[in-house]
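K.L.:
sharing a model that was predicted from the sequence below.
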Amino acid sequence: MSKPPFISLVGLLLVLGNGPALANDAPLRLKDLQRCGNLFATDELTFCLRSEGLASGDMKLMLSGKPLQVTSQEDGRLRLTLRKDRHQSGPLWLEQGERRSNPVWLTVNGSHVLAAGPDEVAKNMDGLTTYLNLISLIIEEKYDGLDEARRLAKKYGAEVVGAIAPLNTYQLRLPVKNLTERDAMVLRLGNEVSVDAVVVEESGAEEPIEQDQEKKPRNSEWVANRFLDAVDYYRHRMPSRKAPIQTHPVRIGIIERNVDFDSPEFSNYVGDCDPQEPRACVYARDAESPAEHGTTVTGILAARSVEPGDSGFLSALEPASSGFEIIVERNSDAGITANVAASVNLVEDGVRVLNWSWGIHRVGTRDVEGEEVDSLVRSGVAMSGYEELLEEFFLWLRREHPDVLVVNSAGNGSARSGQDDYRLPSSFITEQLLVVGGHQRDDKRDVPVEHPEYVTKRPSSNIDMRVDITASACTRAATLEAGKRGDVHCGTSYATPMVTGVVGAMLSINPQLAPEQVRELLRRSALTIGRDTDFEPVEADDLTAPILPSERSYQLDNQDIGRSARLDMRKALELTVDSLRDTR
């Protein structure tokens, strides 16, 4: 049998785990997709997939709507090899009979790092889980990264097993048996002339939740950011007969593990999705529970609900938009290094906005009350490596992709986001990083939405001049029951996609906006946040950088100058429409 002209397919294995009867009744789902085999092959790329719900009989594997010939075996696992020069990155899904799986994003870009197994981690002196034999080397720019990594691996008896080639970063598996041996080898590698930094990963599976607690089950916090006003404005202003505005498709990346496609909010995203219809499309691995972090973060952008106030922002903009592709991707469970690898791949695949609802504190970080922060902490050794890796990422972004914007959560440690010794990545100073804090409704104040005292700063939110803007910090999780919402999740993790969503909408109106212009429009349009005292806070102790007179093209009164910035989604879209006159 001759090969299809559009693919070279090698060694595809497929297994049924629970028998054909059960599989026929179960939904068809793709649970995992990762690079495997030779990660450094340039012509042929190999991927390993894990599925659930496959029955015996014919099935199709679809890449960007084109079928790939497969042969079925058992165990729900697939191994796929395809030629890079015949394919582009795109959504991949399974079909069997009338059933279709969730689409996942398959990238032909080569950044990938391995996660440590349960026998490859240990507890360090700080009591944190750390990788024992997997580290990453950031090679100096003047060297060929792969050649130098292989030379060093040979010298130290190690093996090159992963890479983020655009950042000249390569992952090594070290021949060590304990932390003493690892630390000694890390020290020697760090002293090599060609090595800029060594990245030591500290995580088992990266903690998925960065949130605090809230008892009130509501999405009404979104009123503070004029969520529904923005939806109404976009849906009626863009197709206006008087002066219609041509919208543009936007691709958005969310650095999260997965999304639960069994929840009614995401069940309509199963199978193929054409963003040019226009509509929002979601590509993600399938999660086990709708209450997981990735589902909640993605839901703020793309959940589908009969209740407008519970719908995702970008999905609510249909059909006035020209389509949004929302790619949920995390590369592997290899912590911060994997987050960066996934981000590099997504940027190379055309993503304009990255949502980073994650961040870490250094051990010893103290909050504004002087107490130590005890969540999402890393040792000084790990933080130093992460700082160098993130610096390389933002330097590469500025050099190769200056139009991309990263939206990052400020964190929930009641600490200062701008102190680079203690918080990453929000402390970086670059036009391409927008930092988001969290606010909450002030129930004691019966005032209009526009009033500064309609909301107050959320006590858990990290603060200071490095925070650019705040958004509502609470949302409700999805459930498996139609019309029912789950527990409340709160934190800057959920404020961040509120800003990511409106940035995506702004770029769909005016794709010529540069990151610094997006920040300017968000802060110019921002509402303000009241204070509990009559005294001005000392410098850098406010929730965000204060709004400057130069940032205001309008104001209700003098009180809205110098206050913290609160996201106004509708006004941001209005100013974006106005900006079209300046860029035409």
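P.N.:
That came through fine.
K.L.:
for Gly37, which residues are in contact?
P.N.:
By C-beta atoms under 8 Å, 6 or more residues apart in numbering, the residues touching Gly37 are 46, 48, 79, 81. All C-beta spots, glycine's among them, are computed from the backbone N, C-alpha and C.
K.L.:
what about the third one, which SS state?
P.N.:
Classification of Arg79 using DSSP: H, G, I helix; E, B strand; the rest coil returns strand.
K.L.:
list the beta-bridge partners for it.
P.N.:
Cys48 (DSSP bridges).
K.L.:
what about it, how many residues close to it?
P.N.:
Arg79: 17 surrounding residues under other C-beta atoms under 10 Å.
K.L.:
quick check: it touching Cys48?
P.N.:
Yes - with contact defined as C-beta atoms under 8 Å, Arg79 reaches Cys48; the gap is 5.6 Å.
K.L.:
overlap in contacts of those two?
P.N.:
Listed as contacting both Arg79 and Cys48 by C-beta under 8 Å, 6+ apart are 36-37.
K.L.:
now do the strands in the stretch 201-350 of the chain.
P.N.:
Assigned by DSSP state E, counting those that start in this stretch, the strands in the stretch 201-350 of the chain fall at 250-254, 258-259, 280-283, 285-286, 324-328.
K.L.:
which strands and helices lie in contact with the second one?
P.N.:
Counting contacts by 3 or more C-beta pairs under 8 Å, 6 or more residues apart in numbering; DSSP states H and E, the secondary-structure elements packed against strand 258-259 are strand 285-286, helix 293-302.
K.L.:
just name the most buried of those.
P.N.:
Ranked by mean neighbour count, the helices and strands packed on strand 258-259 are led by helix 293-302 with a mean of 27 (mean count of other C-beta atoms under 10 Å).
K.L.:
off-centre distance for it?
P.N.:
10 Å (C-alpha atoms, centre = their mean, to the nearest Å).
K.L.:
give me the mean pLDDT for it.
P.N.:
Averaged over helix 293-302, pLDDT sits at 96.
K.L.:
do stretch 247-263 as well
P.N.:
Taken as a whole, stretch 247-263 has an average pLDDT of 97.
K.L.:
in stretch 387-405, what counts as buried?
P.N.:
Of the residues in stretch 387-405, 387-394, 396-397, 401, 404-405 count as buried by neighbour count, 16 or more other C-beta atoms under 10 Å.
K.L.:
likewise stretch 449-465?
P.N.:
Across stretch 449-465, burial judged by 16+ other C-beta under 10 Å covers 451-458, 460-465.
K.L.:
can you pull out the low-pLDDT segments for this structure?
P.N.:
Scanning the chain for pLDDT under 70 picks out 1-25, 69-74, 204-219, 308, 420-421, 531-542, 552-562, 583-584.
K.L.:
and the two most separated of the contacts of Gly37?
P.N.:
Greatest spatial distance among those (C-beta to C-beta): Cys48 and Thr81, at 10.3 Å.
K.L.:
neighbour count winner among the two?
P.N.:
For Cys48 versus Thr81, neighbours defined as other C-beta under 10 Å are more numerous around Thr81 (18 against 15).
K.L.:
before we move on, the earlier item: now distance to Ile336 too, for the helices and strands packed on strand 258-259, in TSV please.
P.N.:
Converted to TSV, the helices and strands packed on strand 258-259 look like this (distance: least, C-beta to C-beta, whole Å):
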stretch	distance to Ile336
strand 285-286	19
helix 293-302	15
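K.L.:
looking at these, which is closest to Pro244?
P.N.:
Distance to Pro244, taken as C-beta to C-beta, is lowest for helix 293-302 among these, at 24.9 Å.
K.L.:
in terms of secondary structure, what does the closest one contact?
P.N.:
Helices and strands touching helix 293-302, by 3+ C-beta pairs under 8 Å, 6+ apart, are strand 250-254, strand 258-259, strand 280-283, helix 313-316, strand 324-328, strand 474-476, helix 492-509.
K.L.:
hmm, who's touching stretch 194-202?
P.N.:
Stretch 194-202 is contacted from outside by 116, 124, 128-131, 134-140, 143, 148, 152, 169, 186, 189-190, 334-337, 378-379, 381-382, 384-386, 388-389, 392, using C-beta under 8 Å, 6+ apart.
K.L.:
can you redo the strands of the stretch 201-350 of the chain as CSV with distance to Ser56?
P.N.:
Output for these, formatted as CSV (distance: least, C-beta to C-beta, whole Å):
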stretch, distance to Ser56
strand 250-254, 35
strand 258-259, 26
strand 280-283, 27
strand 285-286, 21
strand 324-328, 30
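K.L.:
quick one, which of the ones you listed is nearest to Leu527?
P.N.:
Across these, closest to Leu527 is strand 250-254 (C-beta to C-beta), at 24.1 Å.
K.L.:
would you mind getting the angle between that closest one and strand 324-328?
P.N.:
Strand 250-254 and strand 324-328 meet at an angle of 20 degrees, taking axes from the mean of the first three to the mean of the last three C-alpha atoms, to 10 degrees as the criterion.
K.L.:
who does strand 250-254 pair with, and is each partner parallel or antiparallel?
P.N.:
Strand 250-254 pairs in its sheet with strand 324-328 (parallel), strand 353-356 (parallel), by DSSP bridges.
K.L.:
list the buried ones in the last one?
P.N.:
This points to strand 353-356. Going by neighbour count (16+ other C-beta under 10 Å), the buried part of strand 353-356 is 353-356.
K.L.:
now stretch 175-182
P.N.:
So, applying 16+ other C-beta under 10 Å, buried residues of stretch 175-182: 176, 182.
K.L.:
before we move on, back to that, pipe the helices and strands packed on helix 293-302 into a markdown table and attach distance to Ala26 and mean neighbour count per row.
P.N.:
Rendered in a markdown table, the data for the helices and strands packed on helix 293-302 read as follows (distance: least, C-beta to C-beta, whole Å; neighbours: other C-beta atoms under 10 Å):
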| stretch | distance to Ala26 | mean neighbour count |
| --- | --- | --- |
| strand 250-254 | 26 | 26 |
| strand 258-259 | 17 | 28 |
| strand 280-283 | 21 | 26 |
| helix 313-316 | 26 | 28 |
| strand 324-328 | 22 | 28 |
| strand 474-476 | 27 | 25 |
| helix 492-509 | 30 | 28 |
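K.L.:
where's Val351, which helix or strand?
P.N.:
Assigned by DSSP states H and E, Val351 belongs to neither a helix nor a strand.
K.L.:
show me which helix runs longest in this protein.
P.N.:
In the chain, assigned by DSSP state H, the helix with the most residues is helix 380-400.
K.L.:
dump it to PDB, keeping only the CA atoms.
P.N.:
Extracted in PDB, the C-alpha atoms of helix 380-400 (Å, rounded to 0.1, in the frame of the first residue of the first chain):
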ATOM      1  CA  GLY A 380      17.500  30.700  46.000                       C
ATOM      2  CA  VAL A 381      19.300  28.200  43.700                       C
ATOM      3  CA  ALA A 382      16.200  27.500  41.700                       C
ATOM      4  CA  MET A 383      15.200  31.100  41.600                       C
ATOM      5  CA  SER A 384      18.500  32.200  40.200                       C
ATOM      6  CA  GLY A 385      18.200  29.700  37.300                       C
ATOM      7  CA  TYR A 386      14.600  30.700  36.600                       C
ATOM      8  CA  GLU A 387      15.500  34.300  36.600                       C
ATOM      9  CA  GLU A 388      18.200  33.700  33.900                       C
ATOM     10  CA  LEU A 389      15.800  31.500  31.800                       C
ATOM     11  CA  LEU A 390      13.000  34.100  32.000                       C
ATOM     12  CA  GLU A 391      15.400  36.900  31.100                       C
ATOM     13  CA  GLU A 392      16.500  34.900  28.000                       C
ATOM     14  CA  PHE A 393      12.900  34.400  27.100                       C
ATOM     15  CA  PHE A 394      12.000  38.100  27.200                       C
ATOM     16  CA  LEU A 395      15.200  39.100  25.400                       C
ATOM     17  CA  TRP A 396      14.300  36.600  22.600                       C
ATOM     18  CA  LEU A 397      10.700  37.900  22.600                       C
ATOM     19  CA  ARG A 398      11.900  41.500  22.200                       C
ATOM     20  CA  ARG A 399      14.300  40.600  19.400                       C
ATOM     21  CA  GLU A 400      12.200  38.100  17.400                       C
END
